[in-house]
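Visitor: Kindly generate the corresponding structure for this input.
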Amino acid sequence: IGGNAVRTWGADDLERTYVGPDGVRRNLLDHAHALGLAVAVGFWMEHPRKGFDYNDPVQVAAQLDRLAAFVKRYKDHPAV
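Guide: Numbering: from 1, shown residues only. Got it, this is the predicted structure:
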């Protein structure tokens, strides 16, 4: 249809595998890269209505640690 990028809403699906037109099974980023697509990868931030307390430094630090690990893991992928 002419699109060249996709967006994710969280990291959960990045390791899910897909079978491409060439019959090869790849994770989402590798699959997108093989198709010449870019991926805008989202990271799900917790919500206070679901019990997250942004005034709790332990919860905030843990979320920032998860975000930093996520960025380090995927930042150099050619599809990102």
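Visitor: Find the least confident helix or strand in this structure, judged by mean pLDDT.
Guide: Every helix and strand of the chain was ranked by mean pLDDT, DSSP states H and E. The lowest is strand 17-19, at a mean of 87.
Visitor: who does it touch, helix- and strand-wise?
Guide: Judged by 3 or more C-beta pairs under 8 Å, 6 or more residues apart in numbering; DSSP states H and E, the packing partners of strand 17-19 are strand 25-27, helix 28-34. Backbone N, C-alpha and C define where each C-beta goes, glycine included.
Visitor: now, of the ones you listed, which is deepest in the fold?
Guide: For these, ranked by mean neighbour count under the definition mean count of other C-beta atoms under 10 Å, the leader is helix 28-34 at a mean of 19.
Visitor: Alpha carbons only: can I get that helix in CSV?
Guide: Extracted in CSV, the C-alpha atoms of helix 28-34 (Å, rounded to 0.1, in the frame of the first residue of the first chain):
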residue,chain,number,x,y,z
LEU,A,28,9.2,-8.8,14.4
LEU,A,29,12.3,-6.5,14.0
ASP,A,30,14.1,-8.9,11.8
HIS,A,31,10.9,-9.5,9.7
ALA,A,32,10.3,-5.8,9.3
HIS,A,33,14.0,-5.3,8.3
ALA,A,34,13.8,-8.1,5.7
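Visitor: distance between that helix and the chain's centre?
Guide: Computed by C-alpha atoms, centre = their mean, to the nearest Å, the chain-centroid distance of helix 28-34 equals 12 Å.
Visitor: Show the subsequent helix or strand relative to it.
Guide: Sequence-wise, the next helix or strand downstream of helix 28-34 (DSSP states H and E) is strand 38-40.
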